[in-house]
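Colleague: fold the following, please.
(chains A, B and C)
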Amino acid sequence: MLTLQCPYCGVWAEETELHAEGEAHLKRFGPDSDDADFESYLFMRENPKGVHFERWRHASGCGKFFHAARSTTTLEVFGTYSAQTLEPPKDIKDKISAKYPGWSWREFS
Amino acid sequence: MSTRLATGGRLLNKAKQVTFSFNGKQLTGYEGDTLASALLANDQMLMGRSFKYHRPRGVVASGAEEPNALVNLGAGGKFEPNQRATTTELYDGLSATSQNHWPSLEFDVGVVNNYAARALPAGFYYKTFMAPAAAWKHVFEPIVRHSAGLGKAPKDRDADRYEHYYAFFDVVIVGGGVAGLQAAKAAGLAGATVLLMEQTAHWGGRAPVDGGEVDGVKVEDFIDATVTELEAMDNVTLRNRMMGAGVYDHGYLLGYERLTDHAPAVAGLRHRLWRIRAKQIVTATGAIERPLSFAGNDIPGVMLASAMRDYIVNFGTSSGDRVVVVANNDDAYRTAFTLKIHGLDVPVILDSRPNGGGPLADAAREQGFRVENGKAIAKVKGGKRVTGVEICNQAGEGAALEEIACDAVAMSGGWSPVVHLWSHCGGKLIWDESQAHFRPDPDRSPTSHDGKPFVVTAGSASGPLKLDDVLVDGQKAGEAAAQAAGFSVSAAEAPKGEVHEEAPLVPCWLMPQGAGPKLRMKAWLDYQNDVKVSDVRLAAQEGYESVEHTKRYTTLGMATDQGKLSNINGLAVLSDALGQPIPATGTTTFRPPYTPISMGSIAGEARDEVFQPLRRTPIHDWHEANGAFFEPVGQWRRPYCFPRGSESHADAVTREINQTRNSVGLLDASTLGKIIVKGPDAGKFLDMMYTNMMSTLKPGKCRYGLMCNENGFLMDDGVVARIDEDTFLCHTTTGGAERIHGWMEDWLQCEWWDWRVYTANVTEQYAQIAIVGPNARNLIEKLGGDMDVSEEALPFMAWKDGKIGAFDARAYRISFSGELSYEIAVPASQGRAFWDVVMELGKEFDIMPYGTEALHVMRAEKGFIMIGDETDGTVIPQDLNMQWAISKKKEDFLGKRAQLRDHMASTDRWKLAGFETLDGSVIPDGSYIVAKGSNANNQRNVQGRVTSTYYSPTLDRGIAMGLVHGGMNRLGDVVEFNKVDGSTVAARVVDPVFYDKDGEKQNV
Amino acid sequence: MSEAVSALSGAIFEGFATVTDTGLRGMITVRGDLASKDMGAAIKAAIDADVPAQRRVTAGNGGKVAWMSPDELLVVVDYATVLDTVAKLNAALSGSHTLVSNVSDARAVFEIRGAGCRDVLAKLAPVDLSQGVFAETEIRRTRIAQVPAAFWQTGTESFEVICFRSVAQYVFDVLRLSATKGGEIHHLG
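Modeller: Next comes the predicted model:
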């Protein structure tokens, strides 16, 4: 059972306090978008073995949504960070690079 | 025979006799006994029957690894099956019965399976039950059901209490043997908070039985001194009768504490499950001795050499008078010595190693033991008890050289570290050739959230078996764990254990080495599931090369003991049959729990009235006191109806509807979600949330709105009231309050974080009561207060704050019934008082409360949709003819893009319509509208389905809403709904608004 | 105004620790920019307290204020003064984008008092309640068994638990079971 540190309230929360909220950094496509973009926004998800970026909510806590970078195989957590960002912060990307040189995930690497 | 000795028994309090019963027989033991030792003391070697062949079985081990001695324990609400006699502490009044036999343990009819064993090989069930299908139902299943399972399932409600406990430590050490104690001391001295848990009631593990000195004092004294030291350390917690059940991600560890199993008469909890987070875990879980695989190794009286030693030293109990010792290692010689010291006979020590043992063997010869090198047991003689053994050469095929009479056999095939907890969360193993066992590979530990190792092994669990090595390893492990947990450690010398030289063991996976099929068929690997050497070889022969497949095919290691004794022996046999080295075969997966834990402990407090949270409105008590029949709505219980006397629910619903439509009814609507949305961008935000335009709503007014997800599907609905320029109050469905609040926060926090909007879920701040019916206004006016609720002052779809009676209230002129209706919100703390006043003053109008069923029927009569009835997560508002609620002016709202997709815009979608059966009957719930022809599975084609169907008291006939291909274009068509009995009922497609089509009744 | 009643009307259970429904409490959710001058002034004006730091509770003459999230506070006052306090907060914050909402009636408050109070809570919440780890002035939002809740220390041997009103009976029941004699742990105290 995972523990993640909520970047908003600082609590090290175990999974039972949290709610998984799916993939991170999705870009919303609205009414003007074409079918391909909309399909990818709505349906296409990563399913990596290794580095992954997710959204979580500190549901039974401060209620805030946040991002987490972790490995799906070792469950190593590279970091949690603000939901109000469009990409993972550099220090977290560096930490991943140290462990998984040459990693990539969607447009990030 | 097995009996109580005059000597030994260091754990017994011989001053205190304990009375217990086994299969109804009254027996006595001592305080400090286990059930197994007390049974042995009473010459009750036979303790159970095996699972498949019903072979008579005696106790083999002395601890958690015991496969045979499983009993039913207790009675009634305290009954529990499959309890290991070896880990059951004896108490006064204990009542146990043996399992898996009929009519008795001594005479068991099921033993015919034993004589048919040749016909029940590995994979018997797989092979037999291939065909025909019908045989399953009528032949196989009844037989299997009758014969399956060891113990009996409890019938009564569990009478005990259980709980969880969340605990946090720097270092948790599992296992209170000398390694664990030493590790705890090392970590404790470094300053770490430490929990040391031990599954038995005693500290020190096997060391006191094996003997020796530490720093010049007897190991028992060393243990006592160490425990005393640890008890004095504030940062160290000691807990015995607590097992490390499982190790999980990120340092999560389950500790299973058995508080009163040893004294059920004591009031209090039975089990407590510790849900621990540890920075570092030290597994000092020891090692388990392996049986040897020879013919008849399951006959009662054949035991592990170490266990036999335990019973003498710890419990003063012999397992037999004449014991043959058979081993491939030096440690078993200690059993021979112990037997002799306590006055028992050892006719021969069979050492399977061609060159025999080391110093211990020499000592044995000096003491006059007959020691035979390179010799083995060809077969054990006996039925319900060992009567003798045939001796042969280990190198040969089993030709008997000699027969020796004995009534017990002490066997030892070497020791395997208990690697379960290490392995649960990904720790890897390496094969240690010199000890012939798998041990933890310290370079491949389980890793935690920081990517660093979080489990260290200590003592025999690491591999070393000798006292001096074990202490050094324990010290090292404790220091390493403390350091990894962030404490600075100044490395200290471990106490010096007495050094005993031992000759290396020689692996012995089959005895004798060349045993033929006949012997292999009687050489047991897994005692509990009756898996023999021959079964594993057969599996290999039939192509089961993976150890995981072989396990499932033969059921090796799948019994309640999870193969603690059998796994290594089994995979060695498999490796041999496959002609590959043991590490190439590998082990099966170790999964928690280490030994079975009670269901009660898993449930913790979550049972009976607190099995799950039950949400109550401020008026719940009134409903309960007034005979409400409740239905669950989310975690709420809402009154379905309020039956009077012997009135049926249907009659109650009809009465409630007629009263409401004709005069006035009352509904507790407190459960509806209420979310405040406030800020300069609140209107813009709600325009995105709802399909409707909410930003144009005027303060003081209400608007019904729809919410869709990004798939376009309708997910919630409710009335939005604009409180002021910046503030809206959004009502959600009862089940949707938390979900919709989270949904709003999701978009505000993660997508439009620059929009200036705050939300607050104030659902429970208010008791909300709907006063509904033509007399609603008359009643509210009678209640008094300063609020003008006239049509002019408070028209339909408006709201207002003010006093109603003595209450601060907000009244919404909204209607879900089609009647004149006020939903009145008052502070929750006054909800009950308000309800009481309304009921009292409403007597004049025969007021009565109505429940959710009347609500449902009345809304269906009006053709109002219900989330969860008309919607199921695949329905878009357009399917429900609700284009009127979808703004065409808005560029965007959640779900808009999806509703433009081909399939969503298709004219082929099933759409909402009303239905009236031609015969006036009620269409069954869940009915489909059948179409011509049938599909590939020979099922009738369908063209729609019912979504809401009720008897309408107002119209005195069945009414329904449903989705049908073509929707309202089909008006007037007659369609057929299927019924459970296979027939159909004809219904006409009609307008779904059955009652007051022009809304004259609600808009007054 | 009619007499207002708390969810369990002062229910009490005496086990190895005592669990009590403390009655109605004034509670106000305040959302806004916690670092702003306006917010500081508003909290000062309302209860003469400072805006608390992350996960802290500060106290003033008129009551307490707890940090709920980076943009949310909970102001706690006597039930009788809650409407006045709401008015004060609204007045002080009228110029800025904030949300002030009286949530007093949506809540229940229980006190756990006695030597085993930490253990009572530790049976139900996945939180390290060790002395020295859980701060005296800390508020922790978490779950109690299966429902969201928050708690803080009110003394060396007492805590207060805040939950939603609808689950007051559930929370009281699980606290009662936790505090029942025979379940003492003597670990955290």
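
Colleague: residues touching the residue in chain C positioned nearest to chain B, list them.
Modeller: Using CB to the nearest CB, C:G182 is the residue of chain C that sits closest to chain B, at 2.9 Å. For glycine as for every other residue, the C-beta is placed from the backbone atoms N, C-alpha and C. By CB atoms under 8 Å, 6 or more residues apart in numbering or on different chains, the contact list for C:G182 reads B:161, B:267-269.

Colleague: where do the helices of chain C begin and end?
Modeller: Ranges of helices in chain C, per DSSP state H, are C:37-47, C:82-93, C:117-122, C:168-179.

Colleague: and among those, the most buried is which?
Modeller: Of all the helices of chain C, helix C:117-122 has the most neighbours on average by mean count of other CB atoms under 10 Å in any protein chain shown, namely a mean of 26.

Colleague: list phi and psi for the most centrally placed residue in chain B.
Modeller: Closest to where the C-alpha atoms of chain B average out (CA atoms, centre = their mean) is B:I602, at 6.2 Å. Backbone torsions of B:I602, given as degrees, to the nearest 10, read phi -70, psi -40.

Colleague: give me the pLDDT for residue 88.
Modeller: By default, I'm working from chain A. pLDDT recorded at A:P88 is 97.

Colleague: meant chain B, my bad for not saying
Modeller: pLDDT at B:T88 comes out at 97.

Colleague: now do B:H731
Modeller: Predicted confidence (pLDDT) for B:H731: 98.

Colleague: what's the local residue count around it?
Modeller: 26 (other CB atoms under 10 Å in any protein chain shown).

Colleague: how about it: which residues does it bridge to?
Modeller: Under the criterion DSSP bridges, B:H731 forms beta bridges with B:K674.

Colleague: circling back: which of the contacts of C:G182 count as buried?
Modeller: Buried subset of those (neighbour count, 16 or more other CB atoms under 10 Å in any protein chain shown): B:161, B:269.

Colleague: just the contacts of C:G182: which has the poorest pLDDT?
Modeller: For the contacts of C:G182, the least confident entry is B:A267, with 84.

Colleague: so how far is chain A from that one?
Modeller: B:A267 sits at a distance of 30 Å from chain A (criterion: CB to the nearest CB, to the nearest Å).

Colleague: secondary structure element for the residue of chain A most remote from its centre, which one?
Modeller: In chain A, counting by CA atoms, centre = their mean, A:D32 sits farthest out from the average C-alpha position, at 26.6 Å. Element membership for A:D32, per DSSP states H and E: none, as it lies in no helix or strand.

Colleague: swap in B:D221?
Modeller: Going by DSSP H and E, B:D221 is in helix B:219-231.

Colleague: next structured bit after that helix?
Modeller: Sequence order places strand B:236-240 as the next helix or strand after helix B:219-231, per DSSP H and E.

Colleague: mind listing what the residue in chain B positioned nearest to chain A touches?
Modeller: Residue of chain B nearest chain A, by CB to the nearest CB: B:G451 (4.0 Å). If you count contacts by CB under 8 Å, 6+ apart, B:G451 has them with A:74, A:76, A:99.

Colleague: and those residues, which are buried?
Modeller: For these, buried by 16+ other CB under 10 Å: A:74, A:76.

Colleague: between the contacts of B:G451, which is closest to C:R141?
Modeller: Checking the contacts of B:G451 against C:R141 by CB to CB gives A:E76 as the nearest, at 26.8 Å.

Colleague: how close does the nearest residue to that closest one once chain neighbours are set aside sit to A:K99?
Modeller: Distance criterion CB to CB, 6 or more residues apart in numbering or on different chains; nearest residue to A:E76, sequence neighbours excluded, is B:G451 at 4.0 Å. To A:K99, B:G451 is 7 Å away according to CB to CB, to the nearest Å.

Colleague: what's the answer for B:G216, then?
Modeller: B:G216 is 49 Å from A:K99, where distance means CB to CB.

Colleague: got the contact list for the closest residue to chain C within the stretch 451-600 of chain B?
Modeller: Residue nearest to chain C within the stretch 451-600 of chain B: B:G600 (13.1 Å; CB to the nearest CB). Contacts for B:G600 (CB under 8 Å, 6+ apart) come out as B:158, B:160, B:162, B:270-271, B:607.

Colleague: which ones among those map onto strands?
Modeller: Judged by DSSP state E, the contacts of B:G600 include B:162, B:271 as members of strands.

Colleague: just the contacts of B:G600 now: which is nearest B:R290?
Modeller: For the contacts of B:G600, the nearest to B:R290 is B:H271 (30.3 Å; CB to CB).

Colleague: so that closest one touches B:L254, yeah?
Modeller: No: look at B:H271 against B:L254 with CB atoms under 8 Å: they stay out of range, at 11.4 Å.

Colleague: spit out the residues that contact these two alike.
Modeller: Here B:H271 and B:L254 share the contacting residues B:I597, scored by CB under 8 Å, 6+ apart.

Colleague: run a quick neighbour tally on the residue in the stretch 551-700 of chain B that chain C sits nearest to.
Modeller: Distances between the stretch 551-700 of chain B and chain C by CB to the nearest CB are smallest at B:R615, namely 3.8 Å. The tally of other residues near B:R615 (other CB under 10 Å) stands at 25.

Colleague: likewise B:Q541?
Modeller: B:Q541 has 11 nearby residues by other CB under 10 Å.

Colleague: same check on B:A405?
Modeller: 12.

Colleague: check the one 5 residues further on too.
Modeller: Burial of B:A410, expressed as a neighbour count using other CB under 10 Å, amounts to 28.

Colleague: give me the beta-bridge partners of it?
Modeller: In this entry, B:A410 is beta-bridged to B:M303, B:V325, by DSSP bridges.

Colleague: residue numbers of chain B in contact with chain A?
Modeller: B:248-252, B:277, B:426, B:447-451, B:710-711, B:742, B:745-746, B:749-751, B:753, B:891-892, B:896-898, B:900-901 (CB under 8 Å from any CB of the partner chain).

Colleague: can you flag which of the residues you listed belong to helices?
Modeller: Judged by DSSP H, the residues of chain B next to chain A include B:742, B:745-746, B:749-750, B:896-898 as members of helices.

Colleague: and the residue of chain B nearest chain C?
Modeller: Proximity of chain B to chain C (CB to the nearest CB) peaks at B:G268, 2.9 Å away.

Colleague: can I assume that residue is in contact with B:T260?
Modeller: Yes: here B:G268 lies in contact with B:T260, judged by CB under 8 Å, at a distance of 5.7 Å.

Colleague: which SSE is B:A539 in?
Modeller: Assigned by DSSP H and E, B:A539 falls within helix B:533-541.

Colleague: helices or strands next to that helix in the packing?
Modeller: helix B:517-520, strand B:524-526, helix B:547-554, helix B:567-578 (3 or more CB pairs under 8 Å, 6 or more residues apart in numbering or on different chains; DSSP states H and E).

Colleague: most neighbours per residue, which of these?
Modeller: By mean count of other CB under 10 Å, the helices and strands packed on helix B:533-541 have strand B:524-526 as the most buried, with a mean of 30.

Colleague: in chain A, which helix has the most residues?
Modeller: Ordering each helix of chain A by length in residues (DSSP H) puts helix A:90-99 first.

Colleague: domain ranges for chain C?
Modeller: As recorded under automatic domain parsing, the domains making up chain C are C:12-23+C:106-179, C:26-104.

Colleague: ok, the last one near chain B or not?
Modeller: So the one you mean is domain C:26-104. Yes: contact of domain C:26-104 with chain B (CB under 8 Å from any CB) involves C:29, C:31-32, C:71, C:97-99, C:101-104.

Colleague: reformat those residues as TSV; add distance to B:T338 and neighbour count.
Modeller: Below are these laid out as TSV (distance: CB to CB, whole Å; neighbours: other CB atoms under 10 Å in any protein chain shown):
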residue	distance to B:T338	neighbour count
C:T29	72	21
C:R31	74	23
C:G32	77	21
C:D71	71	19
C:H97	82	18
C:T98	79	22
C:L99	77	22
C:S101	76	21
C:N102	77	19
C:V103	71	22
C:S104	72	24
